[in-house]
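In: What follows is a predicted structure for the sequence shown.
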Amino acid sequence: MQSRPLSTGKRAFGHFCKMSPAGAARVTAAMDSPRDTSILDLYYEVDVTALLPRLRDRFVKLSRDGATDAFLARAGRGRHSWWRTQLHRLLRQFMSDFDVNGLLDMYPLFVASTEHWRLLLGPGRVTRLLDVGAGCGDVTHTLLPLAEHVVTTELSRQMAERLRRSGLECHELDLAERDLPGAPFELITCLNVLDRTARPRLLLRRMHARLAPGGRLLIALALPYNPFFFSGNRTPEPLERLACAEQGWESAVNSLVERELEPLGFTVVTVSRTPYLSFGDAHSGLYELDDALLVCQKA
C-alpha cells in the first residue's frame, strides 16, 4: 500500500529542525514527553537581519503564554490511543485526513492565543471576520473575541458539521472556486490553508477581493513549503504553487512577501513565527510545524 503525506499538524516536529543528532534526539524526547516542551521556544526566534530590510522593523516576536501551555498540558493528557490511531489510519484509505479528523474528533490544533492575535492585530474588534478553511474550529474560537460577527468556510463535510454544532456560521465551499455573498470583511484569516488548496494564488486574489478597503488578511503558512491538497483520500499536486520554496524560514518569507503578496496589492504590517501544534497519538506525544504569521493590509 502506497503511503501518502500526513495533513498539516501531523508531520513530525523533527523534520523541520535543522539541528545536530543530539538536538534531534532532544526534540524526539520532547515529542514523547510533552511536559518537556522548552524546545518549542526556539520556534519563536527569527534572524531579523535575514529578512527584507522593509520587514525587519515589522517583526513582532511572540512567546509561549498561558493559553499555549494550557494546550500543551491538554495534549499531554489527551494523546490519542493506539486503537484510535489505527482506526484513523484505516479510515484514511477511504476519506481525507480532514474528514477522518472531523469524524473521530482527533488532532485538536493550536496556532496562537487570543492575546497573540490582539498583539498582532490590535485590541479593537472588527465588525465582520471571515475564517477561510476553519477546520473543526479549534483555532477559530481563539479569534471570536476579535469580531462582532464571524463567518467560516470549510470543504470537509464532517468539519463543517462540527463548526455549525459549535454555533458558527459555516459555508461549505472553496473560496477559490465560489464567491461568498454578503458585505466585505474587515478581517480575513487564512490559517494553514494555502499549502492545502489546489489554487493558492487564486485564493489569495479572492480573499483580496472580499476585503473592505483597508481591510487586513492574516496568513499562517507552514514552512518549509510542502503543498498538496485532498481529493477524497488522494493527495494530488496543487494546480498552482506559491513562490516560496526556499528551505530557510526567512528566505521563504521574503519570497512570499515579494513575489506573491505585494504584487496583489498587500502591504505586510507584521511578521511573526510560531509553532503550529497538534495533539499526539500512538506514534508521538506531540506534533508540530513551523508557521510564518503575516498580517497584510489591503491598499
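Out: That came through, no problem.
In: is the residue lying closest to residue 261 once chain neighbours are set aside in a bridge, and if so with what?
Out: Here the nearest residue to residue 261 in space, its sequence neighbours aside, is residue 296; by CB to CB, 6 or more residues apart in numbering that works out to 5.6 Å. In this view, the C-beta of every residue, glycine as well, is placed from N, C-alpha and C. With DSSP bridges applied, residue 296 shows beta-bridge pairing to residue 217, residue 268.
In: what's the residue closest to the geometric middle of the protein?
Out: Among the residues of the chain, residue 192 comes closest to the average C-alpha position under CA atoms, centre = their mean, at 2.7 Å.
In: picking that back up, burial check on the residue nearest to residue 261, number of neighbours?
Out: The tally of other residues near residue 296 (other CB atoms under 10 Å) stands at 26.
In: got the contact list for it?
Out: For residue 296, the set of contacting residues under the criterion of CB atoms under 8 Å, 6 or more residues apart in numbering consists of 216, 217, 218, 219, 261, 266, 267, 268, 269.
In: and the gap between residue 242 and residue 104?
Out: As for residue 242, its distance to residue 104 is 31 Å (criterion: CB to CB, to the nearest Å).
In: residues making contact with whichever strand or helix holds residue 67?
Out: Under the assignment given by DSSP states H and E, the secondary-structure element containing residue 67 is helix 66-77. Taking contacts as CB under 8 Å, 6+ apart, the residues outside helix 66-77 that touch it are 34-35, 37, 40, 108, 110, 113-116, 142, 277-280, 285-286.
In: Recalculate using a threshold of 10 Å.
Out: With CB atoms under 10 Å, 6 or more residues apart in numbering as the contact definition, helix 66-77 has outside contacts at 33-37, 40, 62, 64, 78, 107-116, 138, 142, 274-275, 277-280, 285-287.
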